[in-house]
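# give the three-dimensional model of this entry:
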Amino acid sequence: MFVPHATRLSGSLTRHGIRMASSRTAPLLQKSPEDIVITFARRTGIGRVKKGQLKDHPVDEIMAALFKATLATTGLDPAKIDDICVGTCHPPSPLYSSRAAALAAGIPNSVPIQTVNRLCSSGLMAIRSVAHAIMAREVELGVAVGVESMTLNPRPTPTVSDLVDSNAEAHDCIQPMGWTSEMVAEHYDVSRETQDKYALISHTRANEALSKGVFADEIIPVELGGKTITQDDTIRPGVTFESLSGLKPVFENWGRATTTAGNASGIGDGAGIVILTTRKNAEKEGMPVIGKWIASSIIGVPPRYMGISPIYAITALLEKTGLTKEDVDVFEINEAFASQFAYCVEQLEIPIEKINPNGGSIAISHPLGLTGVRQVVTGLAELRRRDQKILVTSMCVGSGMGAAGVFVNEA
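This next block holds a predicted model:
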């Protein structure tokens, strides 16, 4: 069995009920002119696949609306953008769509753009790409975008030659994601009951957050098709353990057939945006600093058990940054499937109260290119409400990879 090594915990330091910076977090909280800071981080409302508010809008329209709303809200001079990186998975000719969207939104043709596709981590990879370009001093101000229309651009079936497919791991790495969910559930003995319990937590938290208007802090209204999109239409009300338990498996021919429409991530449409620059430039331009990018990790695991990868991505990230799990205030770990999410949470031994406090992709949905950006937008907004500091995001990545990132709230 593929057994993770543990990441140690340490006691927290408190004074008057407030957690004090440890010797590990103190360096992350220090401020330097060369820090890579986040000055803006928002997302659109997410739409249900084929039925929701964004179903008729391709990624170029969604991005153009997001660019326009961002420029109007921030007052940013688009001519000062040095580069844009768009994380997205399945639209055809994504570079052309992204470039056209930027031009249509009033971003001058002098501003270049690129796209990146590392499947479910594409949004995080867009942030990472811009951050690295700033670190290399090739870019002073960059924009990272995550976008997906799973209505108009569903996952294509990957194919390889018979020669390549004859390799067992190569064969596994192109299998449907639902198959990997069932392989994790079977191999690591994650019961249907356990999956439904974790799914219920996500649905319940997201419904509570929606009813309290929590997501308004992270959603930027966008104009599309004569309507203003201001909230998610993906969150299902009235979900109970009984209703989840009554759902039929969707992959009856694989494994133990425990994955359902209620304990797997939803499929949806949406986009998000993060603006990054140096602290020195933000201060010079009078831009608000709301967060700081610290580091990221990318790892690989056996493709058959793709979903367990956040265990290793988070462990690698914590080791890289010298942090422990207890130093982190909020974790946003993608809920691709309750099978893999439950296993990751229990192996990492992180209190569930720290993870996805407003629900995750099982309830909110998982537009592939958006998720890596949404987690940062959502996590930083939650840290602002809590007046806390450290965020870790993570997700499994199709074909057998995992990614994670660490950010600091400065708002």
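
# so where is the chain shaky, pLDDT-wise?
1-21 (pLDDT under 70).

# ranges for the strands of it?
14-15, 18-19, 36-43, 47-48, 83-87, 113-116, 141-149, 222-224, 227-229, 268-278, 291-300, 330-333, 390-397, 401-409 (DSSP state E).

# relative to A257, which of those strands is closest?
Set against A257 and scored by Cβ to Cβ, the strands of the chain come closest in strand 390-397, at 20.3 Å. Placement of C-beta: from N, CA and C, glycine included.

# helices or strands up against the closest one?
When contacts are defined as 3 or more Cβ pairs under 8 Å, 6 or more residues apart in numbering; DSSP states H and E, strand 390-397 sits against helix 309-321, strand 330-333, helix 368-386, strand 401-409.

# mind checking those for the one nearest to V130?
Evaluated with Cβ to Cβ, the helices and strands packed on strand 390-397 place helix 368-386 nearest to V130, the distance being 11.2 Å.

# now the angle from the closest one to strand 291-300?
Interaxial angle, helix 368-386 versus strand 291-300 (axes from the mean of the first three to the mean of the last three Cα atoms, to 10 degrees): 140 degrees.

# buried residues, helix 368-386. List them.
For helix 368-386, burial by neighbour count (16 or more other Cβ atoms under 10 Å) applies to 368-384.

# for stretch 79-88, same thing?
In stretch 79-88, counting by 16+ other Cβ under 10 Å, buried: I81, D82, D83, I84, C85, V86, G87, T88.

# turn the residues you listed into CSV, columns for distance to I275.
Formatted as CSV, those follow (distance: Cβ to Cβ, whole Å):
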residue, distance to I275
I81, 8
D82, 11
D83, 12
I84, 10
C85, 12
V86, 14
G87, 15
T88, 18
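
# of all pairs in those residues, which one is the farthest apart?
D82 and T88 (20.3 Å).

# can you pull up the bridge partners for the closest residue to R128 other than its chain neighbours?
Computed as Cβ to Cβ, 6 or more residues apart in numbering, the closest residue to R128 that is not its neighbour in sequence is S296, at 4.9 Å. Note on S296: beta-bridge partners by DSSP bridges are G405.

# distance of S296 relative to K325?
Distance, S296 to K325, using Cβ to Cβ, to the nearest Å: 17 Å.

# neighbour-wise, which of the two wins?
Taking neighbours as other Cβ atoms under 10 Å, S296 and K325 compare with S296 leading, 25 against 20.

# how about the contacts made by that one?
Contacts here follow Cβ atoms under 8 Å, 6 or more residues apart in numbering; on that basis S296 touches L124, R128, A131, L317, A403, A404, G405, V406.

# same deal with R385?
Residues in contact with R385 (Cβ under 8 Å, 6+ apart) are V214, D217.

# quick check, V392 in contact with K320.
No: the pair V392 / K320 is not scored as a contact, 11.6 Å apart, by Cβ atoms under 8 Å.

# neighbour count: these two, which is higher?
Using other Cβ under 10 Å as the criterion, V392 and K320 rank with V392 on top: 30 against 14.

# and the more buried one, bridged to which residues?
Taking DSSP bridges as the rule, V392 bridges to F331, V406.

# what sits against it?
Per Cβ under 8 Å, 6+ apart, neighbours of V392: I314, L317, L318, V328, V330, F331, E332, A404, G405, V406, F407.

# give me the buried entries from these.
I314, L317, L318, V328, V330, F331, E332, A404, G405, V406, F407.

# wait, the first one touches S394, no?
Put plainly, it is I314. Yes: the pair I314 / S394 is scored as a contact, 5.1 Å apart, by Cβ under 8 Å.

# between those two, what contacts are shared?
Taking Cβ under 8 Å, 6+ apart as the contact rule, I314 and S394 both touch F331, I333, A404.

# T378 versus L318, what's the distance?
Going from L318 to T378 by Cβ to Cβ gives 20 Å.

# what is the neighbour count of L66?
Neighbours of L66 under the rule other Cβ under 10 Å: 25.

# isn't it right up against T44?
Yes: the criterion here is Cβ under 8 Å, and L66 meets it with T44 at 5.9 Å.
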